[in-house]
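K.L.:
need the 3D shape of this:
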Amino acid sequence: MSDDHASDRGDAVRALIDTGTEADLRMFLAGLSPQEVADLLETLDDEQREHVFPLFDTPRQASVLREVDTETSRDSLIAAIPDDQLADIVEHAASDDAADLVESIPEERRERVLDEVEDEERAAIEDLQRYAPDTAGGLMQKELLKVRIDQTVAEAVETIRREWEPKIGEVYDIYVVDADGRVQGRVRNRHLIIHPPHRRIAEIMLKDVRTVPVTMDQEKIAEIVQDYDLSSVAVVDEHDRLAGRILVDDIVDVIEEEATEDIHKMGGSEALGEPYLHVRFRSMVQKRAGWLAILFVGETLTASAMTYFEDEMRRAIVLGMFTPLIISSGGNSGSQATSLIIRAMALGEVRLADWWRVMRRELFAGFSLGCILAVIGMSRIMLWHELFGTYPDYPLLLAVTVGLSLIGIVTWGTLAGSMLPFLLRRLGFDPAHSSAPFVATLVDVSGLVIYFVVAMYVLKGTLL
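P.N.:
Predicted coordinates:
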């Protein structure tokens, strides 16, 4: 939903609150989805949220709290809800959402709220809290449907009828387990309808079920779901027993989260972790200052390189005119290459073992791109000389210097930008840390060296 719609609905709700027509307000809110209500609450102040939120029943409150994105809005709502009511909301939420909600409760209240929660629900929440939030165990929900492999269709239907509850929500797959709870396959709802009641589940189940261990990282899970076009994925514990399931809507959130994190890193910043306007100012500065300081220190090496060639620049001032052009071309080519490779890695198009194939492609690509820029640069120098007499001394040698430098620098920048993500992954780091600004800084320093070394040889005895 667009921000404009949320703002319009916020204006309507504020008007209804001011007029005091609670019946009309309830009717207006009844037509909104949980996500729309959550977006609406983001546009209200704390007092207005506290007026609106109690108008929903407990199951709907649980659904709305799940969709509230920002910690500030969620914290203000939680602060206004009594402990016993908050415990009811936790019980009505699916186990994964309940675990997230409990984590949002201030520590001084958390134990009091959990004391009000049913033992079975509390055990499920505490089990999920054992796992890191970015692993399969932290993402999964405990509620699911399962039948035993030795049951008949009729017995399986009776099991489902007995165990189904609203918190289960969408059922994409009904998992088939053995007597020890290990996953053997899956069945779909239609399989239980079209097959005779006496048929065995073992005879009709599909064996192509995909499982992931509770410790698997969320990024890897997202790749599996995308590769195999899954609607849900089963999670198994260390003994291969069915522990829970992850639904596709949670995977969509993971994909968005991982993509956002990579984009932030590629821009030369730590991941913000929250929507931009809701990040605290101090936190935003801290996340951006570290990389900016590293890049600044890196750029001081550029100044050092220029100092080293100070005599050459003094004797051939014209070389300085092309310095920004030369180093920016290398940085741009490196940034292009690193962005392409990082994205290809994220999509699984490129593996660590493909480094040699990538290196060969980028070597020829960099050389070709360098030649294109060299032709443009040389043409520009000769054209300006003919039209305006800008370079009276040795224009052809100057053009050759710039052309050869561009070929070398763009080739080197492309190679550096494409290989750095492989190096970082090989060392166990996130390839996204090879950000475009970082690559540009690296290539700036080496580009200057290439430029002046080429100039020393080409212009030796002339301008230098």
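
K.L.:
would you state the helices of the stretch 301-450 of the chain in chain order?
P.N.:
Taking DSSP state H, counting those that start in this stretch as the criterion, the stretch 301-450 of the chain contains helices spanning 310-315, 317-321, 323-346, 355-388, 395-426, 436-458.

K.L.:
out of the ones you listed, nearest to P133?
P.N.:
Closest to P133 of those is helix 323-346 (Cβ to Cβ; 20.0 Å). All C-beta atoms are positioned from the backbone trio N, CA, C, and that covers glycine.

K.L.:
what angle sits between the closest one and helix 395-426?
P.N.:
Interaxial angle, helix 323-346 versus helix 395-426 (axes from the mean of the first three to the mean of the last three Cα atoms, to 10 degrees): 30 degrees.

K.L.:
now helix 323-346: buried residues?
P.N.:
For helix 323-346, burial by neighbour count (16 or more other Cβ atoms under 10 Å) applies to 323, 326-327, 329-346.

K.L.:
cool, stretch 141-154 as well?
P.N.:
Residues of stretch 141-154 classed as buried by neighbour count (16+ other Cβ under 10 Å): 141-149, 151-153.

K.L.:
related to what we said a few turns ago, make a markdown table out of the helices of the stretch 301-450 of the chain and add distance to Q85.
P.N.:
Listed next are those as a markdown table, based on distance: least, Cβ to Cβ, whole Å:
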| stretch | distance to Q85 |
| --- | --- |
| helix 310-315 | 73 |
| helix 317-321 | 71 |
| helix 323-346 | 42 |
| helix 355-388 | 56 |
| helix 395-426 | 48 |
| helix 436-458 | 49 |
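
K.L.:
tell me how far stretch 79-99 lies from the chain's centre.
P.N.:
Offset of stretch 79-99 from its chain centre (Cα atoms, centre = their mean, to the nearest Å): 28 Å.

K.L.:
skipping adjacent residues, who's closest to R9 in space?
P.N.:
Leaving aside its chain neighbours, R9 sits nearest to L40 (4.9 Å; criterion: Cβ to Cβ, 6 or more residues apart in numbering).

K.L.:
for the helices of the stretch 301-450 of the chain, which one sits closest to S283?
P.N.:
helix 436-458 (20.3 Å).

K.L.:
how about that closest one: buried residues?
P.N.:
436-448, 450-452, 454-455, 458.

K.L.:
can you read off the pLDDT for M1?
P.N.:
On pLDDT, M1 comes in at 45.

K.L.:
one more: M345?
P.N.:
M345 is given a pLDDT of 86.

K.L.:
between the helices of the stretch 301-450 of the chain, which gets nearest to R26?
P.N.:
R26 lies closest to helix 323-346 among the helices of the stretch 301-450 of the chain, at 45.1 Å (Cβ to Cβ).

K.L.:
tell me who's in contact with L41.
P.N.:
49, 52-53, 64, 68, 73, 77 (Cβ atoms under 8 Å, 6 or more residues apart in numbering).

K.L.:
try V248
P.N.:
By Cβ under 8 Å, 6+ apart, the neighbours of V248 are 172, 225, 230-232.

K.L.:
nearest to F364 among those?
P.N.:
V225 (35.4 Å).

K.L.:
gap between the closest one and V350?
P.N.:
Using Cβ to Cβ, to the nearest Å, V225 is found at 19 Å from V350.
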